[in-house]
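**Q** What shape does this take:
(one chain, ligands or ions: 1)
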Amino acid sequence: MHEGNQTSISEFLLLGLSSQPGKQELLFALFLAMYLVTVVGNTLIVLAISLDPYLHTPMYLFLANLSLADISSISTSVPKMLMNIQTKSPSISYESCITQMYFSIVFVVTDNFLLGVMACDRFVAICHPLNYTTIMGPRLCLWLAAIPWALSNAVALTHTLLLLRSVFCDGHALLHFFCDLAPLLRLSCSDTTVNELVLFVVGSSVITLPFALILVSYACITRAVLRLSRPEGRWKAFSTCGSHLTVVFLFYGTIVGVYFFPSPSDPDNRDKIGALLFTVVTPMMNPFIYSLRNKDMNGALRRLLVGKRALPVMP
Ligand SMILES: *[C@@H]1O[C@H](CO)[C@@H](O)[C@H](O)[C@H]1NC(C)=O
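**A** Numbers count the residues shown, from 1 in each chain. From the prediction side, this is the model:
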């Protein structure tokens, strides 16, 4: 590699989802619609939960955290992409690119850990119902909500510091719609063995740790529920977990589908599909999964939209 090529990369080109000029309007409309749906839906959830004192329980507070992470997650990539389509210029500055990468890692990892925390919460609620309020006190809840945010920042910082050591030469075109870590590593012309090793080790623990928590919680929940004698009791217990299980299947089904099934011969496409599902589709789906299936959420949303104060439910 020539010395002079190595120093001054000042921007990257995001050669988004499609480079065919005819499809740009369609992509713009599609992504704008998905962005608006995600932001509006998740904002409604955060507002409904924070304005309704009846929903100030650990489960809903964690859900509000998840919605916040979802809004932030989609906001790291899609607005910049829309702007680039609008201005017909695919460039992004080096600094913005690194910032985008940092925050996209933070919010996806937070999402993942919050799902694990929510599983633990359902575990205590169903397997130790009598001690639930004592165990899930405000202090523990604050910790359980803070840990995902803290850990995800540590993970993102590790990857970013490692990436800052790599050198980018002539090629600065990313076949991606935002600055994601894996395509950036593939673009680098220095040795990225350490980066890839860390990505593999940290990445797989970030995925397996929450997943293990979820599996253990649900194994215990299933045992507890099957022991209930009345079918209505069983149904009620399962329905409080149903929405969480749906999100979990969506999330981990995506991981398995994207990273284990398609042929690894086309890593650019695999990364693009994976990133699209994680940073756009899952954040968009969460509000629907929670509010359509959940009576309390529906009530809170209706009160929020109609403008009524929450009233105690008459027996
Ligand atoms: C996140 O969870 C914590 C602890 O349960 C809660 O205090 C906080 O209000 C939540 N954040 C949002 C945006 O609801």
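**Q** rest of the way, CA atoms for contacts and neighbours
**A** OK.
**Q** quick one, phi/psi of Leu174?
**A** Phi and psi for Leu174, reported as degrees, to the nearest 10, are phi -100, psi 130.
**Q** Other residues contacting stretch 22-42?
**A** 18, 67-68, 70-71, 74-75, 78, 82, 85-86, 280, 283-288 (Cα atoms under 8 Å, 6 or more residues apart in numbering).
**Q** try 10 Å
**A** Contact with stretch 22-42 is made by 16-18, 43-45, 48, 63-64, 66-72, 74-75, 78-79, 81-86, 88, 280-288, 291, as judged by Cα atoms under 10 Å, 6 or more residues apart in numbering.
**Q** now swap in stretch 208-219 and tell me
**A** Taking Cα under 10 Å, 6+ apart as the rule, stretch 208-219 contacts 112-124, 126-127, 202, 205, 221, 224, 241, 244-245, 248, 252.
**Q** For Phe200, give its distance to the ligand.
**A** 29 Å (Cα to the nearest ligand atom, to the nearest Å).
**Q** Next SSE downstream of the helix or strand encompassing that residue?
**A** Element membership for Phe200 (DSSP states H and E) is helix 193-227. The C-terminal neighbour of helix 193-227 among helices and strands, as given by DSSP H and E, is helix 231-260.
**Q** Mind checking which of the contacts of stretch 22-42 are in helices?
**A** For the contacts of stretch 22-42, the ones inside helices are 43-45, 48, 63-64, 66-72, 74-75, 78-79, 81-86, 282-288, 291, with DSSP state H as the criterion.
**Q** Which ones among those residues also lie next to the ligand?
**A** Contacts with the ligand within those, counted by Cα under 6 Å from any ligand atom: 64, 68.
**Q** And the ones in helices among the contacts of stretch 22-42, which of them are buried?
**A** 43-45, 48, 63-64, 66-72, 74-75, 78, 81-82, 84-85, 282-288, 291 (16 or more other Cα atoms under 10 Å).
**Q** near the ligand, which residues of the stretch 101-250 of the chain show up?
**A** Within reach of the ligand by Cα under 6 Å from any ligand atom, the stretch 101-250 of the chain has these residues: 141-142, 145.
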